[in-house]
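Chemist: Let's see this in three dimensions:
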Amino acid sequence: MAKTYPRTAKNYRIRPLTFATPLLENESLTSWLVRAALNQGCSPSTLTFYFWPEYRIWTYDVDKGFEHIDSDIHADMAVLAKTTVDTFNHQTLMSFAKEADNSLTEKTGLTWTRPLSKRNRYSRIGYPYCADCLKEDKTAYLKLQWRFTWSVCCTKHKKFLQLECPHCHYPYQPQLINPEQRYINRCHSCHHKLDTEVTDILPSDTIYKFQLLVDKVFHEKQGTVLGRLVSMGDWFDYLLFLINMTRLALRNPDYMFGKLLFQFGVDIDTLSTPKTALRFDYIPIEEKTVLLECTFHLFQISHSQWVYACEALNVTQNSFHWSKNTVVPAAFKQVYNQLPKTPKRRRILKPTDIQPTSPEAVMAAWNRLQRKREMTNHYDKHLKDD
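Modeler: Predicted coordinates for the structure are as follows:
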């Protein structure tokens, strides 16, 4: 049985907190550190500097955990919270990344993780939260599950997650909350309580069911693809493969993948393409919702339906290598291996004349610039307010 690791001999500051703050089930490390600081009557930055002065804790994505930086930090937290080191080790984004076989570094964005785009202590993208979950002051906390990209709604209250304050519309920044505000469910900018919705739109039954399915795979560490039980890593690889294929179809509905989705009963003419063309983890919740709803439909397609549709449209193995970095997931190989393979074509050199950029690429670049400008404006105001 795992035991709490006492490090009082090395760091005399490490003692159980005066006002106990246990780490709750499925709570993020950001949430625990903020609640622990506010319970002691100090700011989050004061708490972390007192215990770990050699690190600027809040310049990191705290929810990743600190095993890749200094494993002793988790041991210290275990003493402060009167719990086990394993509890902190397992309740991190890094723990999920290891199980999903993702590459791990402190500077690399983890797949299936909603980024915060940190600049010093300030996050230029708001921390996701559910307004209903934060209504009660003393029981309010942030769930680690909300940091995952597939989590677009709260499965308890069936409402979309929010990233900004409903009153001042600034990104929610729990790490910047002052001790005078007392609880984690406050906006650091306007000090209002985060207990109302930014939008009245509710998630569809499809997105709700699909999120429950993904959560189940996450907790059980395995899932079913095309009638076969596969590991969690293979299941998520297949999910990302379908998302990317859907994006290609939406970009060009008259091309092969657009026709393939139409064959499966997806009306892509009613769906919109992500505006910024950024990777799935970075696009807004409303754009993720469109892709996830379509992907959920594709998960219902059987092995035989895939093979029949691909043969009818003359789709080959080469078709699923839409870029030189594309890797066909292991879970899809049972379909892929039944398709013919066409010989590689000789590469034709492109003309050296300057070709105009497509309107779609120009608009995607423009939307990315607008997004960057909005985040920069929020950060500049934050500096002025400080």
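
Chemist: What distance do you get for residue 200 to residue 252?
Modeler: Taking Cβ to Cβ, to the nearest Å as the measure, residue 200 falls 34 Å from residue 252. The way it works is simple: take the backbone N, C-alpha and C, and place the C-beta from them, glycine included.

Chemist: got it, and residue 170?
Modeler: Distance, residue 170 to residue 252, using Cβ to Cβ: 38 Å.

Chemist: Please apply the same query to residue 60.
Modeler: Per Cβ to Cβ, residue 60 is found 40 Å from residue 252.

Chemist: can you check residue 373 too?
Modeler: From residue 373 across to residue 252, the span is 29 Å (Cβ to Cβ).

Chemist: higher neighbour count, those two?
Modeler: More crowded of residue 373 and residue 252, by other Cβ atoms under 10 Å: residue 252, with 13 against 10.

Chemist: residue contacts, the more buried one?
Modeler: For residue 252, the contact set (Cβ atoms under 8 Å, 6 or more residues apart in numbering) comprises residue 258.

Chemist: please redo it, this time with the cut-off set to 10 Å
Modeler: Residue 252 makes contact with 258, 268, 273, 360, according to Cβ atoms under 10 Å, 6 or more residues apart in numbering.

Chemist: quick one: the third one is in a helix?
Modeler: So that's residue 273. No: secondary structure of residue 273 (DSSP: H, G, I helix; E, B strand; the rest coil): coil, not part of a helix.

Chemist: So it is in contact with residue 249, correct?
Modeler: Yes: with contact defined as Cβ atoms under 10 Å, residue 273 reaches residue 249; the gap is 9.4 Å.

Chemist: So which of these two has more stuff around it?
Modeler: residue 249 (23 against 20).

Chemist: in what helix or strand does the more buried one lie?
Modeler: Following DSSP states H and E, one finds residue 249 within helix 232-251.

Chemist: Just say helix, strand or coil for the closest residue to residue 181 other than its chain neighbours.
Modeler: Sequence neighbours aside, residue 191 is the residue nearest to residue 181 in space, at 5.9 Å (criterion: Cβ to Cβ, 6 or more residues apart in numbering). Of the three states, residue 191 takes coil according to three-state DSSP.

Chemist: so who does residue 191 touch?
Modeler: Taking Cβ under 10 Å, 6+ apart as the contact definition, residue 191 lies against 165, 167, 168, 177, 178, 180, 181.

Chemist: from what I can see the first one touches residue 186, true?
Modeler: Yes: the pair residue 165 and residue 186 qualifies as a contact (Cβ under 10 Å) at a distance of 9.1 Å.

Chemist: Overlap in contacts, the two.
Modeler: Residues touching both residue 165 and residue 186 (Cβ under 10 Å, 6+ apart) are 172, 192, 193, 194.

Chemist: Filter those residues down to the buried ones.
Modeler: Buried members of the shared contacts of residue 165 and residue 186, scored by 16 or more other Cβ atoms under 10 Å, are 172, 193, 194.

Chemist: Would you map the helices across the stretch 51-200 of the chain?
Modeler: Here the stretch 51-200 of the chain has its helices, by DSSP state H, counting those that start in this stretch, at 72-81, 85-90, 93-99.

Chemist: okay, the ones you listed, which one's buried deepest?
Modeler: helix 72-81 (a mean of 21; mean count of other Cβ atoms under 10 Å).

Chemist: could you give the mean pLDDT of it?
Modeler: For helix 72-81, mean pLDDT rounds to 92.

Chemist: Tell me the helices and strands packed up against it.
Modeler: Contacts defined by 3 or more Cβ pairs under 10 Å, 6 or more residues apart in numbering; DSSP states H and E place helix 72-81 against helix 29-40, helix 44-51, helix 85-90.

Chemist: low-confidence ranges in the chain?
Modeler: Along the chain, the parts satisfying pLDDT under 70 run over 1-12, 101-109, 343-354, 366, 375, 378-386.

Chemist: Would you state the strands of it in chain order?
Modeler: For the chain, strands defined by DSSP state E occupy the ranges 118-119, 122-123, 153-154, 159-160, 222-225, 228-231.

Chemist: Return the list of helices and strands in contact with the fifth one.
Modeler: Using 3+ Cβ pairs under 10 Å, 6+ apart as the contact criterion, the elements in contact with strand 222-225 are helix 205-220, strand 228-231, helix 232-251, helix 285-299.

Chemist: tell me which residues in the second one are buried?
Modeler: It stands for strand 228-231. Buried residues in strand 228-231 (16+ other Cβ under 10 Å): 230, 231.

Chemist: now do the third one
Modeler: The neighbour-count criterion (16+ other Cβ under 10 Å) identifies 232-250 as the buried residues of helix 232-251.

Chemist: would JSON lines of the strands of the chain with distance to residue 70 be doable?
Modeler: Output for these, formatted as JSON lines (distance: least, Cβ to Cβ, whole Å):
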{"stretch": "strand 118-119", "distance to residue 70": "18"}
{"stretch": "strand 122-123", "distance to residue 70": "22"}
{"stretch": "strand 153-154", "distance to residue 70": "33"}
{"stretch": "strand 159-160", "distance to residue 70": "36"}
{"stretch": "strand 222-225", "distance to residue 70": "32"}
{"stretch": "strand 228-231", "distance to residue 70": "30"}
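
Chemist: I appreciate the help and will end here.
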